[in-house]
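In: sequence plus predicted model, see below.
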4 protein chains.
Amino acid sequence: LSHKLPWNLFTQIFKMVLITIQLVMFGNRRITFVEYVESNNIAMKHLFLLHWTPDFETMPYPPTTGPYAIYTSNDLVDHINFAMKQFSHTESLTLGPIRFPDGGFDMAKYLYMCVEQCKEGNVLKNGTYSLDQHVIKDCLHLIPERAYNNGSQETETKFDIMAILKKNNKSLVFDRILKIELKFRLKSYRVSVEKAVNEPECYRIDGMVVFDNTNRNGQMAVHLSTSLKEFICGAEFDDVSTNDSDRFGIVLDIFVMILCVVSFSFCIRSFSIAYALFQHTVDEVKDIPKVLNLICSMKFEFVDLWLVLIIINDVLFVTGSIVKICLENKHAESSSENYDICALMLGIGCGLAFMGIIRYVAFFAKYNILTVVLKKAFPDLMKFLVTTTILYLGSLLCGWVVLGPYHIKFRHLSTASECLFSLINGDEMFTTFSATMTDNTVIWYFSRFYMYTFLVLFIYAATNLFIAVILGTYDIIKHLSKHVREILWTKTKIKW
Amino acid sequence: LSHKLPWNLFTQIFKMVLITIQLVMFGNRRITFVEYVESNNIAMKHLFLLHWTPDFETMPYPPTTGPYAIYTSNDLVDHINFAMKQFSHTESLTLGPIRFPDGGFDMAKYLYMCVEQCKEGNVLKNGTYSLDQHVIKDCLHLIPERAYNNGSQETETKFDIMAILKKNNKSLVFDRILKIELKFRLKSYRVSVEKAVNEPECYRIDGMVVFDNTNRNGQMAVHLSTSLKEFICGAEFDDVSTNDSDRFGIVLDIFVMILCVVSFSFCIRSFSIAYALFQHTVDEVKDIPKVLNLICSMKFEFVDLWLVLIIINDVLFVTGSIVKICLENKHAESSSENYDICALMLGIGCGLAFMGIIRYVAFFAKYNILTVVLKKAFPDLMKFLVTTTILYLGSLLCGWVVLGPYHIKFRHLSTASECLFSLINGDEMFTTFSATMTDNTVIWYFSRFYMYTFLVLFIYAATNLFIAVILGTYDIIKHLSKHVREILWTKTKIKW
Amino acid sequence: LSHKLPWNLFTQIFKMVLITIQLVMFGNRRITFVEYVESNNIAMKHLFLLHWTPDFETMPYPPTTGPYAIYTSNDLVDHINFAMKQFSHTESLTLGPIRFPDGGFDMAKYLYMCVEQCKEGNVLKNGTYSLDQHVIKDCLHLIPERAYNNGSQETETKFDIMAILKKNNKSLVFDRILKIELKFRLKSYRVSVEKAVNEPECYRIDGMVVFDNTNRNGQMAVHLSTSLKEFICGAEFDDVSTNDSDRFGIVLDIFVMILCVVSFSFCIRSFSIAYALFQHTVDEVKDIPKVLNLICSMKFEFVDLWLVLIIINDVLFVTGSIVKICLENKHAESSSENYDICALMLGIGCGLAFMGIIRYVAFFAKYNILTVVLKKAFPDLMKFLVTTTILYLGSLLCGWVVLGPYHIKFRHLSTASECLFSLINGDEMFTTFSATMTDNTVIWYFSRFYMYTFLVLFIYAATNLFIAVILGTYDIIKHLSKHVREILWTKTKIKW
Amino acid sequence: LSHKLPWNLFTQIFKMVLITIQLVMFGNRRITFVEYVESNNIAMKHLFLLHWTPDFETMPYPPTTGPYAIYTSNDLVDHINFAMKQFSHTESLTLGPIRFPDGGFDMAKYLYMCVEQCKEGNVLKNGTYSLDQHVIKDCLHLIPERAYNNGSQETETKFDIMAILKKNNKSLVFDRILKIELKFRLKSYRVSVEKAVNEPECYRIDGMVVFDNTNRNGQMAVHLSTSLKEFICGAEFDDVSTNDSDRFGIVLDIFVMILCVVSFSFCIRSFSIAYALFQHTVDEVKDIPKVLNLICSMKFEFVDLWLVLIIINDVLFVTGSIVKICLENKHAESSSENYDICALMLGIGCGLAFMGIIRYVAFFAKYNILTVVLKKAFPDLMKFLVTTTILYLGSLLCGWVVLGPYHIKFRHLSTASECLFSLINGDEMFTTFSATMTDNTVIWYFSRFYMYTFLVLFIYAATNLFIAVILGTYDIIKHLSKHVREILWTKTKIKW
């Protein structure tokens, strides 16, 4: 038995180290790309959105400014005209290597506008409404007019959406508009000069400015979203040496996969040994029903949860690595969703791989107090949490429904829960108190009563009793006679 | 007895589930509406308020900008003129389906201005004041002049408040103005295209721009408030299918009410049984005065507080549901106050309903440690809180009166209390330190001394002793002999 | 003895109630006034400071914008010209009842400018400097020129600081300027229409715009400060009824003072009784030196610290009330400093009065756990704090000197201490991490190492051991035999 | 032995006091200088950067605005032209005593522009790219053209970068630009009028405006960095008295150094005594191998760690003081790096000096609970931390790789770690929740699950068990029999 120990442990440690390196490389590359996409998106916003300022480029919470939105029909026309004009000049304006696709021929230079509006919606003279909610979607390319300007005596391009619509026998009835989308497509390439990525990459940028009026409350939110998709461009790049770090990456991937398979087979073998042991025990005692029942009821004691954990992480990592290799060799579309899946698998795999190491740490009694205590305290904690969760849910629902309309943090059940959880841990208390915006004194007093009560109950009573349950278990384990403790440690230890 | 258990418990659980569904539906609808109203209000601000920017649309704390206010008489005139002009063009400007009421006839297109000013308030030549504090309120419709413009050779509408006032033989003496209100009325309808609300709703928007100078300190705060009231509009809506979720809602309401009544009757029956038991006991022992007294003094032991709680929640929920049905069928005005009352009743009812479930959880000893400990520790906690509260109040008053003028958080007793409570829980400490704005070194040193002392005393001593009292009770309960514990659990359990 | 109890206790409780009412009245009035002054100051800033925006009206921390400052000589001239122009139009611009003093005659309409500059400061051709650091202060009234404008064919007032200086044979050498002050004086009156203050009050507003360039780093900070002083104005106010709440206030003040004197005499009497008791004891045992010494060493046991506390609060309150009455009857100048002193005395007095009540609460053993534990644990806490304080000071100095240049919160010893104290209590941790602005990797790694180490040491070790010392004492007291505990309670109880 | 005690202790205390004074003087001077440099840098930004506003002068986190950047080629040209124009007028614009070096002759008045661009980068007609990544760096002085203006009939300087480049047969291909640097050099002197620094100092300001487009994502970040270097200017300063505080500083430095040397020798002597004692013991027992081994294994018990600590601090302080004297007497370049090294040595030295004092405090048992407990608990804490650290690292890597692209705080491993550490201590919880910006529901749910799990695990279990380990040790020490405790205290005490 003692001979096998090092191999398995060394495999795990070696795996962990390689996994970490692989993950850090993957993460760094990903985040560099995300920062590129984000800056690119911001650049587009500055180019195509009228009155866009850096003030809007902050975190969603705490808000330092209101939303970027339009409130008058004139503004809407101005915004569309501005976007049209700027887009047609993209190539000369932009500071990045951005070009129209197809050399700017065809319709590539023009925005493609789609308008969603209600089929009908008149206000009759007697003041009543007549509305047909059927939504009609109408699209056209915004090809600006060229007109002769008397002043400058030159033919100028006039970026006037109303004129274009008129020419196409269309019109915007501001009352009925639900959504306007301005779609555009650009292409770009990315070469990192300093930190060499694999090799220069070409991207197709699919952008869309959305003027969203679906709520029809007078506030038309404006969003600009871009999505980058890689494509094989017929580019000639001089002086791009094939990248060593790239090759190293693939070698590493393969190595990690081999290690995972090895680790996987180790675990399977352990399982089969455990199963054999179980079968053997059953065979031995099958004539004594009472003992047999006992053994059978202990069936799950033979399953080492740590091994299950390691197996899951191996599976996740092998799958993740395969996805990663595919992504990097462009066999799969390098869209964000694929990367997310890959990141999830690698990330969770890595987290579990680290936890798997704890299994070996647990050999030395004092090293894994945390897991032993948690395992032992788990049933009591769950029981304790029943009452607490009921109280928490009751408070949550009550707070959400009463304070929701007057408190930005209680608007949604999820944010309300996050807010309460944060409050319990002492975060943003004063801000939460002061964010109650109401003139209704009943609501105001309720909010104070609600928050003080909730906080005192949960901060001082609930969390401390929760901790007391954990520490109680810790005390029990600490004061167990040495003999019993050994057994306890052993039971949570690994079975080879 | 064991036969009855499931029925009551099942009733409660079923009730809880239905209540939660009902509440979530109610809350979602409410919050959707509130978001509509809020966005609508913001849209109005952008339309009618000069120089309004999204910067003002943030949370009240921490402030990211000063208040939206006017400081010069020219600005005041500009603001009023701007509001007049914009309002008269509302129909063409707005992006929402907003119209003047009554087809824009009569005075509907004009703002209605009310000015509150002091009756007299002259500054005599010798530099003394002469003031009559009687407040005069003066109202008129702001009907703009039409004048011939020499430049453009057209008749133009001139939005000039001073000219209008002159024509009406009135004037604004900026010195004496206390408050100017610009009232307007608009109508709008709301159709949610994606998430269908019951059916399209028509709203009357009563708006008011208030220029508030009652403090007369040179800063004239400007507010725009709107209130939406539903009215039956003679609208023709095509393609609006009657809403299934709506019908489901009413069925749910009725079901919940029935369940509440059932639960209520269960509780009443339990009470009557308990009372009968009490009477029976009294009858049995009425000849032994000593025992009788004992029994009588235990009178309240026969009242199960959990049942009281469930009864209260049943009453609240039935009332709340009735209010809700009335509101949704427009028998009551769907004003915010009514909705608040309804939300309060349903919200608190739901909170109590969840707590009521704990009564049944309490059957299993380890599940309701929280409530048992709190009930047992309650007297000690209250006793402990006496001293602590006195200290807290003393500190609060002292801090408020000394630091109030120099610290935004200590301006009001309520915010001072919230600030201290937040500080105790470790929130906004540095901000609170740094928000002391004073040149007076005595005050500065006092503020530092005050805060360090208060914090050390309350964070390290008071709260931890509070927790120690709770945990002390927990320890006692944990270490009670099994027999005594059983009794204790039983006593806090339900009596059928 | 039992007869006396109620009187003293009732006196204290009654005193506390009255004191609270008095304090709340005083605080409310004060804070209303402070809000008036603050809004007035903001109004002045909007009137006289060029490009002042509400963005600057936020809290000092966290900063949402940089300081309001000037960076070019053109800007400086523009700012001064703007201030001149606006000030001369104050009466017509302002929305508050603000007037020039003395009816605007004499120099009242003109700003009074004082320039502090170095006596000499030339840059010689060869690139060396010649500097005389003697500071010269030069003042003049800024009387604008009137000039004939060819365009509009009218005589216009030209607000041009350079022309004015030229006319006075003066000049601004931007290189040498240390400070420019623009002083002005206005008058105003304040009548609260809704919440009646005593009676209308007249204020002299002494304002000053300071352009501060003493650091001469190219950034000229601009401040506008105002101070309001009340004066007796010969105003005629109609319809101002004498204020009832005012009279009530004075009656209350007198009542409180009487109560304080009564309470004071009670305490003195208790002291004399205690002293008599001490003397008596000494007399009894004066023949037995050993016992005498023992008694003498217990001398301070005869002094009840609670009584000292009550006496201090009585003295503070009587003095504070007298100051308050003087202030309100205008026998003393109602400057901010006087109000601060008054607030300090009343505030601290009130805080101590509340603590004084604890003395009586302490009769009932379980009610004053807090004070008993703290008193008992005090020596141990102090001993514990010795090491902790040394560690804290060492960390503080180290952090301040190393991180100070790169971290806004570590700029000053006081803010560094506040920052560390806040960090220990879990506030602004991430912000503090991220506020380290340095390109020096050594400093960056040091800052991380420093903060992680400090936090782990203090959050997990120091504060919890501190709490453990307190709770240890609590445990000891809790587990003392009932007899000993009684004695302990008694010792901390009052002696009549 | 008792005779020696005071000397060593007094030396340490005296040293600590002097060190603190020295450090505070050094820190104050440094921070005053840093504030000067910072304000100067901000002034430069206002002078040379187009559209720079105070909004950009805030803390890096939480961001109140986006980055200061350029997005269009027109803007880039405008920015460069603006910088050229403003720089040429620096002397007349600035409010600080800033001058061109060399009297403005030669090229001193012109910006020096360096452009880094790709060698080639064409977009071929067929839409493919041709790129040569070789970076070419090209520099020239921006000497503006002088041109005759027909309108004003005057010769004007035209600040037009495109014209200048054209004249030099160069051009900007916006596509290929990687980085543009505008370098400039100015000189300034600094005289603190109020708080006299040593004597007036002359600085050479090396500034650089960097337009950074290396990522080529369309966003060109703009930075202005300045570095101040002192130089001996041939200035004549009248009225600058030699500074007393300066002399005092040097005397203090020398005194501190002497004290450190004395303290150092004390420590060395203690070591030698300890070593002699060890040798003596070894000699005594060298014939009994078992005891000898025991003694040898206790070798490190003879080394007093406190002494090592004091020795390190002495060495650091002497070195630091020498560096400091050199810096202040200008024997070394007073660059920021040197000051950083000096600050690090003095700062850490001071921190250790304070800790050194604890050695003497430890004589009195109850005074150094903190260090005794920590020393005793150290092995257990380390063992406990093994598991916890593994879990923490696993969570960190997992969170970073999955949430990184969607969460500003998880962008870098260092910030992710700081974020998690802050969360554990209850900071910025709600903000962290709400900063997850993703439309991917899988990621959203993962982020919630991840954060709730991580927080509950670490806040309630890990940190409390960590504390329990510490407090367990404290309990053990507290309950040790008095005799054993004495020994324990003694062992951690100093050996003379």
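Out: Looks like it arrived, so ask away.

In: where does the stretch 101-250 of chain A dip in pLDDT?
Out: By pLDDT under 70, the weakly predicted segments of the stretch 101-250 of chain A are A:103-104, A:121-129, A:192-199, A:234-246.

In: quick one: the strands in it?
Out: For the stretch 101-250 of chain A, applying DSSP state E, counting those that start in this stretch gives strands covering A:112-123, A:129-141, A:145-149, A:154-158, A:177-190, A:201-212, A:220-231, A:236-238.

In: quick one: the second one to strand A:112-123, angle?
Out: Inter-element angle recorded for strand A:129-141 and strand A:112-123: 160 degrees (by axes from the mean of the first three to the mean of the last three Cα atoms, to 10 degrees).

In: now do strand A:129-141: which elements does it pack against?
Out: strand A:112-123, strand B:236-238 (3 or more Cβ pairs under 8 Å, 6 or more residues apart in numbering or on different chains; DSSP states H and E). In short, each C-beta sits where N, CA and C put it, glycine included.

In: by contact count, what packs against the longest one?
Out: Using 3+ Cβ pairs under 8 Å, 6+ apart as the contact definition, the elements that strand A:112-123 packs against are strand A:129-141, strand A:177-190.

In: next, give phi and psi for the residue in the stretch 51-200 of chain A that chain B sits nearest to.
Out: Nearest to chain B in the stretch 51-200 of chain A, going by Cβ to the nearest Cβ, is A:Gly66, at a distance of 2.8 Å. The phi/psi pair for A:Gly66 (degrees, to the nearest 10) reads phi -70, psi -180.

In: check contacts around it.
Out: With contacts defined as Cβ atoms under 8 Å, 6 or more residues apart in numbering or on different chains, the neighbours of A:Gly66 are B:42, B:53-58.

In: A:Thr94 too?
Out: A:43, A:47, D:71-73, D:174, D:218 are the contacts of A:Thr94 under Cβ under 8 Å, 6+ apart.

In: turn the residues you listed into TSV, including secondary structure and neighbour count.
Out: Shown next, in TSV, are those (DSSP: H, G, I helix; E, B strand; the rest coil; neighbours: other Cβ atoms under 10 Å in any protein chain shown):
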residue	secondary structure	neighbour count
A:Ala43	helix	23
A:Leu47	helix	23
D:Tyr71	coil	22
D:Thr72	strand	21
D:Ser73	helix	19
D:Phe174	coil	21
D:Gly218	coil	29
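
In: least trustworthy position among those, going by pLDDT?
Out: Ranked by pLDDT, these bottom out at D:Phe174 (83).

In: the one residue sitting closest to the centre of chain A and chain D, how far apart?
Out: By Cα atoms, centre = their mean, chain A has its centre lying nearest to A:Asp340, at 7.8 Å. To chain D, A:Asp340 is 6 Å away according to Cβ to the nearest Cβ, to the nearest Å.

In: per-residue confidence at that residue?
Out: So, for A:Asp340, pLDDT stands at 87.

In: moving C-terminal of whichever strand or helix holds it, what's the next helix or strand?
Out: Using DSSP states H and E, A:Asp340 sits in helix A:336-361. Where DSSP H and E defines the elements, the next helix or strand beyond helix A:336-361 is helix A:369-403.

In: buried residues in that next one?
Out: By neighbour count on 16 or more other Cβ atoms under 10 Å in any protein chain shown, the buried set for helix A:369-403 is A:369-374, A:376-377, A:381, A:383-388, A:390-403.
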